[in-house]
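In: Quick check, what structure comes out for this input:
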Amino acid sequence: MSKDEKNLESLFGGFSHHAYFVLGDYGFVENLISFFQENSLVDTKSLDFMNLKFETFLIDDARSLREWLGTMPISSTKKIAILYGDKITEEAQNALLKSFEEVKSGTQVFLVMKSSSRLLPTLMSRMFFVDSGIEDETIKEGQKFLNMSIAKRLDFVAKKIKESKEKDTKEEILDMLSGIEKALSKSDKKEDKENAFFVLKMKDSILDTGAPMKTILESIAITLPEIA
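Out: Take a look at the predicted model:
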């Protein structure tokens, strides 16, 4: 086994878990597939292997996956599914919760996404977390917002609110708030940690009470200190 392969095996905890969440891009998916092929873990051209790319993972996709997970391997001793995409609906995530509890021995699922911000905490808790080393896309957007002056933040908020009247931008805005919170949480400064908690509370108020988006975003824009 090469050094890279040993590093990959170490990253995944010896591949001893049945479900993984990987913060990564499609290049990492390709590395995984190569690892499986070179180590004969599964025939990647057989029905025992699934490589699904999606924009939005729907409830029907979750049902199909559950059916696939419920069958025994045909030509290998293992079954492996790699799912890569941008978004999973809440309904589909709830369906995956049950599926991940019932994964058969020898079967593994690798969910690879560039951000975990849209995943339910309950679903994340069912998976072994692996950070491939890429920066969470939402953190980049959050940092951009933090780097703006207060005036530019307010202009940005006004633009987003205007866009929301033409299309549903709620998830995009929630992603941005997650990115701001994560960017602040990475800091060692007490003030940044406190501001991260403030942003988290503002995000929760949108999710739990449906509070006015404009008021919340303006409050965040004004409250968070400018970065010198």
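
In: Please pull out the lowest mean pLDDT helix or strand from the protein.
Out: helix 3-11 (a mean of 57; mean pLDDT, DSSP states H and E).

In: Mind listing the strands whichever helix or strand comes after that helix pairs with, and their directions?
Out: For helix 3-11, the following helix or strand on the C-terminal side (DSSP states H and E) is strand 19-23. The strands that strand 19-23 pairs with in its sheet are strand 107-113 (parallel), strand 128-131 (parallel) (by DSSP bridges).

In: and the nearest residue to Val130 once chain neighbours are set aside, how many neighbours does it have?
Out: Leaving aside its sequence neighbours, Val130 sits nearest to Val22 (Cβ to Cβ, 6 or more residues apart in numbering; 4.6 Å). The C-beta positions use only the backbone N, C-alpha and C, and glycine is treated the same way. Look at Val22: counted by other Cβ atoms under 10 Å, it has 25 neighbours.

In: can you tell me how far the residue most central in space within the chain sits from Ala19?
Out: Within the chain, one residue has its C-alpha closest to the average C-alpha position: by Cα atoms, centre = their mean, that is Ser116, at 2.1 Å. According to Cβ to Cβ, to the nearest Å, Ser116 and Ala19 sit 14 Å apart.

In: Then Asp192?
Out: 33 Å.

In: try Ser149
Out: Note on Ser149: its distance to Ala19, by Cβ to Cβ, is 43 Å.

In: what's Glu166 in contact with, if anything?
Out: Listed by Cβ atoms under 8 Å, 6 or more residues apart in numbering, Glu166 has no contact partners.

In: What of Ser75?
Out: Neighbours of Ser75 in contact, by Cβ under 8 Å, 6+ apart: Asp43, Ser46, Leu47, Asp48.

In: tell me the two of those that are most distant?
Out: Asp43 and Leu47 (8.9 Å; Cβ to Cβ).

In: how about the helices in this structure?
Out: Remark: helices assigned in the chain by DSSP state H are 3-11, 26-38, 59-69, 90-101, 121-124, 137-147, 150-164, 170-185, 190-209, 213-223.

In: Switch these over to JSON lines; also include distance to Asp131.
Out: Formatted as JSON lines, those follow (distance: least, Cβ to Cβ, whole Å):
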{"stretch": "helix 3-11", "distance to Asp131": "8"}
{"stretch": "helix 26-38", "distance to Asp131": "10"}
{"stretch": "helix 59-69", "distance to Asp131": "24"}
{"stretch": "helix 90-101", "distance to Asp131": "20"}
{"stretch": "helix 121-124", "distance to Asp131": "13"}
{"stretch": "helix 137-147", "distance to Asp131": "12"}
{"stretch": "helix 150-164", "distance to Asp131": "29"}
{"stretch": "helix 170-185", "distance to Asp131": "12"}
{"stretch": "helix 190-209", "distance to Asp131": "19"}
{"stretch": "helix 213-223", "distance to Asp131": "27"}
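
In: which residues touch the spatially closest residue to Met72 that is not a sequence neighbour?
Out: Among residues not flanking Met72 along the chain, Lys104 sits closest, at 7.1 Å (Cβ to Cβ, 6+ apart). Listed by Cβ under 8 Å, 6+ apart, the contact set of Lys104 reads Leu69, Gly70, Met72, Lys79.

In: and which of the residues you listed is nearest Ser178?
Out: Nearest to Ser178 among the contacts of Lys104: Leu69, at 29.0 Å, using Cβ to Cβ.

In: Quick check: which of the strands paired with strand 19-23 has the most neighbours on average?
Out: Of all those, strand 107-113 carries the top mean neighbour count, a mean of 22, counting by mean count of other Cβ atoms under 10 Å.
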